[in-house]
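[1] how does the following fold in three dimensions:
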Amino acid sequence: MSTLRKKVEERVREIRLKDEMMAERENIVRLEKNTNLRAEWNENLEKVSWNKRIQNENKKIQDEVRLAAKAAIAVRRKALQQLIQKEIDMYEQELSLLGKTFFKQRI
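    Next up, the predicted model:
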């Protein structure tokens with residue numbers, strides 16, 4: 001009976017070792033799964049952050065283009081006003097040489 005008992009004890013020990021080994025492997029798989037999940041989460045955060053940054057930069061560029069267009073319109077408008085005033089002054093000089101003037105209604 002002692003040999004049978006030894007065999008049973010040996011078998012129990014083998015089963016325990018296999019159980020411990022399986023538990024360790026399961027733990028490793030769980031840890032790797034968590035690591036992969038965190039890595040995927042970080043990658044998604046980076047993608048979202050990158051997309052948001054691109055959107056913000058595009059918005060800034062659009063704002064700058066809009067402001068530049070406004071500035072260009074203001075410069076053209078001022079140049080046109082100066083040109084018109086210069087032409088009016090020139091016409092007034094020509095008319096004054098002829099002894100005539102523009103009619104200006106005063107209220």
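[2] where in this structure is pLDDT low?
    Residues of the chain meeting the criterion pLDDT under 70: 1.
[3] recalculate using a threshold of 80.
    Along the chain, the model assigns pLDDT under 80 to residues 1, 101-107.
[4] quick one: what helix or strand has the residue nearest to the spatial centre of the chain in it?
    The residue lying closest to the centre of the chain (Cα atoms, centre = their mean) is Arg53, at 1.9 Å. Using DSSP states H and E, Arg53 sits in helix 2-98.
[5] tell me the SS of Gln105?
    coil (DSSP: H, G, I helix; E, B strand; the rest coil).
[6] quick one: neighbours of it, just the number.
    Residues near Gln105, counting by other Cβ atoms under 10 Å, number 4. Where you see a C-beta, it was placed from the backbone N, CA and C, and this is true even at glycine.
[7] and it, how far is that from Glu87?
    Remark: distance between Gln105 and Glu87 (Cβ to Cβ, to the nearest Å) = 21 Å.
[8] what about Glu40, neighbour count?
    For Glu40, using other Cβ under 10 Å, the count is 10.
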